[in-house]
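Engineer: Generate coordinates for the sequence data below:
(chains A and B)
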2 protein chains.
Amino acid sequence: SGWRGGGRSSALLLICFNSRYFCTFLTLEVASPLVNLLPTCNGEITTMSFLQDVVDILLQYVVKSFDRSTKVIDFHYPNELLQEYNWELADQPQTLEEILLNCRTTLKYAIKTGHPRYFNQLSTGLDMVGLAADWLTSAANTNMFTYEIAPVFVLLEYVTLRKMREMVGWPGGCGDGIFSPGGAISNMYAMLIARFKMFPEVKEKGMAAIPRLVAFTSEHSHFSVKKGAAALGIGTDSVILIRCDERGKMIPSDLERRIVEAKQKGFVPFLVSATAGTTVYGAFDPLIAIADICKKYKIWMHVDGAWGGGLLMSRKHKWKLNGIERANSVTWNPHKMMGVPLQCSALLVREEGLMQSCNQMHASYLFQQDKHYDLSYDTGDKALQCGRHVDVFKLWLMWRAKGTTGFEAQIDKCLELAEYLYNKIKNREGYEMVFDGKPQHTNVCFWYIPPSLRGMENSEERTSRLMKVAPVIKARMMEYGTTMVSYQPLGDKVNFFRMVISNPAATHQDIDFLIDEIERLGQDL
Amino acid sequence: SGWRGGGRSSALLLICFNSRYFCTFLTLEVASPLVNLLPTCNGEITTMSFLQDVVDILLQYVVKSFDRSTKVIDFHYPNELLQEYNWELADQPQTLEEILLNCRTTLKYAIKTGHPRYFNQLSTGLDMVGLAADWLTSAANTNMFTYEIAPVFVLLEYVTLRKMREMVGWPGGCGDGIFSPGGAISNMYAMLIARFKMFPEVKEKGMAAIPRLVAFTSEHSHFSVKKGAAALGIGTDSVILIRCDERGKMIPSDLERRIVEAKQKGFVPFLVSATAGTTVYGAFDPLIAIADICKKYKIWMHVDGAWGGGLLMSRKHKWKLNGIERANSVTWNPHKMMGVPLQCSALLVREEGLMQSCNQMHASYLFQQDKHYDLSYDTGDKALQCGRHVDVFKLWLMWRAKGTTGFEAQIDKCLELAEYLYNKIKNREGYEMVFDGKPQHTNVCFWYIPPSLRGMENSEERTSRLMKVAPVIKARMMEYGTTMVSYQPLGDKVNFFRMVISNPAATHQDIDFLIDEIERLGQDL
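Structural biologist: Below you'll find the model as predicted:
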């Protein structure tokens, strides 16, 4: 009703949108010219029909993304792709028709990350409500630093983070937190805050003024712990990697031994980063035992649940994170297991106010103290960023659309599919599991053994040939474009496939397809 | 053509989209069910018509955003807004109708950052091509870490960063860079890389192994320099603030004096962060003089051009950044002066390979060394982030649509409007300029003096009353919702308005309106 109201220069327009697949008749009362915002100058009609044309292209792409008869990827080598089309930037404008062509071409060569047979990363799928929410976020085009310019989004961040803290198990959802640009940055925040909690003088005086710190994390943990330590001036040598058992879980006795050792050397242990859902094995560190050790030695306990945090939504699987409620901070990326569009990563902190003290710089041009509303809603100064993208809305809207039970169903289904895959290949000819036992997350790690290597004794030759199997199959997958799954070596284990499932559109048939495809592409190796 | 091709279970469907303003007849050949991605289960028809409904809501919002007869903001206090609507997250799903209502309600209370009378931040406006590009980015939903999963976007980042480096003036556009989540993080990268360049051992050994570092920046520089120093373990005390002249430009002789002083104390100067376009005054530090000093003392020269970098697009104004070509690194935020949707910030580095050495951790699950394509396109390991949002596409597509000359025209227009404002108020009754002379950027800083304070002698009473004027007018602006402009104190100067213009939709009449509105709302103070 509002927008139809006034309009000094408003006029009733009948606009016909023509695009390849749509013909839309639209009655609009339009007020002000958008003319100069577009390279061509016909005003609102052009503008709106341009946007609708782009939407048409995107809707086609969405439908295609879920169509199993289309390729996951139309692969081209970088030099080919550079030659395939003129991507250069010029002095002169292009026409709107050319802009639409740019969009089509970009999507032609894009990876269909929503395709039910794209298993390549921890983030897969394309949620329709999440997509709609991201479109709205773009149209709202604002910044999270103050309530003044993002009132709704600031409140939604407050509501959503509180709910996430409740699910972690902190009483009443109390505590603090922020949405950050990805799990690596969330982990870096945890390290930053843990250091500040122990030695607040570090903020002014730097590392020179405080003792040598050490952090502990498992050898299977994410590389961002070391990356954060390098950035924060702690140094990667001060990140001590704790041994894991054969399933990739941190061994608590090794943790305690290394803490004692570090203290004997005069170092100050300030952080243990446990992992709930490791990147490759999907392992859950034993959080209760780790919490006991952190308590005993008064060390900040961080849980990197970037990948595994989603299991907190599932009544069936959340026991795997038992003990997380004792953490001082938690990383949880809804853009992974919960299928929220990229990026959406939360850092949750148990102690309220610490982030603010650690990071605030009181910029008076943003955080004026004489504003007319409650200043506790100006949350920007607790961030490392100044401008901060609105990442909360897509999670919030998806949560409203699915409810907690909807996320639960989606996650349970992905875990059930992983178990199906495990059961299918554990005794199948031509497969070896990287570790024994049912997967705890959706990670299923395995070698495909081509016929020529079957029955061959363990030898250097076999190892060096096996090492090349996964890369060749993967390269062929990409060239055929039929499916994508990741591989990597780990420790003394040569290249193996790491299957992960986070796309609720995947089915048992897609798992069957993957196995068939690996065998088809690898039988001659 | 492609998507119409196969489809094992494809069917010809006639879909009627019904929404308030659209009636669309669409012929689609649809293949696979999207059913379980939505809270209701009617398959593609529901899905596509839901997305179209959301688009309809967004298109209305876009039109409204540019309509001067609508409010910039429908202001509610936080507690009111929390009560106005039920924002809570629940176990059970909502219907699609309710989801659409959530979208409408969210937009009802959003700030119209594209409104031609929204002058509150450095990022304003809503570019149609940028919006379309952001929508495409959401639909493509991928991650920047490897060529494998973001082939086009990785190439576009390469093309766009090279073009930006060319405009900075580095021969052939050579060098390095990355799109980062905002200017504060870009500035932090610069500090991180400068430190690593001088003391590469810091990566492994931390700050404990290297001498005490000091950085220099002006007292008018952005707070992120200090924030970065705190995070990186350098400490805010090691950021030395250099004095500025009355226009807010760093005084080179003071810089040199402080460098010599620091060296005498045994500290190691490692970074000078000059500002090209300060946040409040819009001042440009004298880059040539600063470059001479950096060269003399062998210090990394960073230019924070987050706000002023856009002027490189203008043949008329780029002289203000003369000397930037001598910088070692540059921050430039296209989401500010160039009107790209949030977020889009580039860090440019002159020396190639340094970012990679500084930040890489060789995660073998992402950066496999035995892939089948040129691995130099797997750029993810040079970032602090692991997952990284695609920020380049909106800039690239806008650049294609406008050409460099289009950005130039847009920026020249905003600067012309700022000059119009300056000329209008410099001798007008009831105004005092915060500094003399024509603005160099679009920042125009001024006090509005209400009638009751005019002619009053400078006294404590006058100062304390003047201090309250801008906050009251601003609060009234927000309650009426007619316009928004920022204010702040700075040093010994009490609250003054900082007008900035970065929205190409703004006109002379909007400037006139702002002045009328300040006078209307402030005359009784």
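
Engineer: and A:Lys320, how many residues sit next to it?
Structural biologist: By other Cβ atoms under 10 Å in any protein chain shown, 20 other residues sit near A:Lys320. For the C-beta atoms, the positions are set from N, CA and C on the backbone; glycine is no exception.

Engineer: Contact partners for the residue lying closest to it once chain neighbours are set aside?
Structural biologist: Nearest residue to A:Lys320 in three dimensions, chain neighbours excluded: A:Phe284, at 4.6 Å (Cβ to Cβ, 6 or more residues apart in numbering or on different chains). Counting by Cβ atoms under 8 Å, 6 or more residues apart in numbering or on different chains, A:Phe284 touches A:249, A:275-277, A:308, A:320-321, A:440-441.

Engineer: Name whatever forms a beta bridge with A:Phe284.
Structural biologist: A:Phe284 has these beta-bridge partners by DSSP bridges: A:Ala276.

Engineer: tell me the pLDDT at it?
Structural biologist: If you check A:Phe284, the pLDDT there is 98.

Engineer: now A:Leu14
Structural biologist: If you check A:Leu14, the pLDDT there is 28.

Engineer: surely A:Lys197 meets A:Gly353?
Structural biologist: No. A:Lys197 is beyond contact range of A:Gly353, at 10.9 Å (criterion: Cβ atoms under 8 Å).

Engineer: Comparing the two, which shows the higher neighbour count?
Structural biologist: Ranked by neighbour count (other Cβ under 10 Å), A:Lys197 and A:Gly353 place A:Lys197 first, with 18 against 11.

Engineer: Shouldn't A:Asp412 be within a helix?
Structural biologist: Yes. Remark: A:Asp412 belongs to a helix, assigned using DSSP: H, G, I helix; E, B strand; the rest coil.

Engineer: Compute the number of surrounding residues for the closest residue to A:Asp524 other than its chain neighbours.
Structural biologist: Counting by Cβ to Cβ, 6+ apart, A:Asp524 lies nearest to A:Pro450, which is 7.3 Å off, once chain neighbours are set aside. If you count neighbours by other Cβ under 10 Å, A:Pro450 ends up with 20.

Engineer: quick check, A:Pro489 in a helix?
Structural biologist: No. A:Pro489 is assigned strand when assessed by three-state DSSP, not a helix.

Engineer: Is stretch A:296-310 positioned near chain B?
Structural biologist: No. Counting by Cβ under 8 Å from any Cβ of the partner chain, chain B has no neighbours in stretch A:296-310; the shortest distance is 8.8 Å.

Engineer: Ends of that stretch, what's the gap?
Structural biologist: 29 Å (Cα to Cα, to the nearest Å).

Engineer: just how off-centre is it within its chain?
Structural biologist: Here stretch A:296-310 is found 17 Å from its chain centre; the criterion is Cα atoms, centre = their mean, to the nearest Å.

Engineer: And for stretch A:406-414?
Structural biologist: Here stretch A:406-414 shows a centroid-to-chain-centroid distance of 17 Å under the convention Cα atoms, centre = their mean.

Engineer: Stretch A:178-193 now?
Structural biologist: 12 Å.

Engineer: Likewise for stretch A:94-106?
Structural biologist: For stretch A:94-106, the distance to the chain centre is 29 Å (Cα atoms, centre = their mean).

Engineer: What residues sit buried inside it?
Structural biologist: A:94, A:96, A:99-100, A:102-103, A:106 (16 or more other Cβ atoms under 10 Å in any protein chain shown).

Engineer: tell me which element A:Gly455 falls in.
Structural biologist: Using DSSP states H and E, A:Gly455 sits within no helix or strand.

Engineer: What residues does it make contact with?
Structural biologist: A:Gly455 makes no contacts at all, as judged by Cβ under 8 Å, 6+ apart.

Engineer: and what of A:Gln360?
Structural biologist: The contact partners of A:Gln360, taken as Cβ under 8 Å, 6+ apart, are A:381-382.

Engineer: now the helices for chain A?
Structural biologist: Taking DSSP state H as the criterion, chain A carries its helices at A:44-65, A:78-84, A:96-108, A:128-140, A:151-168, A:183-198, A:202-205, A:224-231, A:252-264, A:287-296, A:354-359, A:392-425, A:460-480, A:508-522.

Engineer: Just send those back as TSV, with mean pLDDT too.
Structural biologist: Converted to TSV, those look like this (pLDDT from 0 to 100):
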stretch	mean pLDDT
helix A:44-65	90
helix A:78-84	95
helix A:96-108	96
helix A:128-140	97
helix A:151-168	98
helix A:183-198	98
helix A:202-205	98
helix A:224-231	98
helix A:252-264	98
helix A:287-296	98
helix A:354-359	96
helix A:392-425	97
helix A:460-480	97
helix A:508-522	98
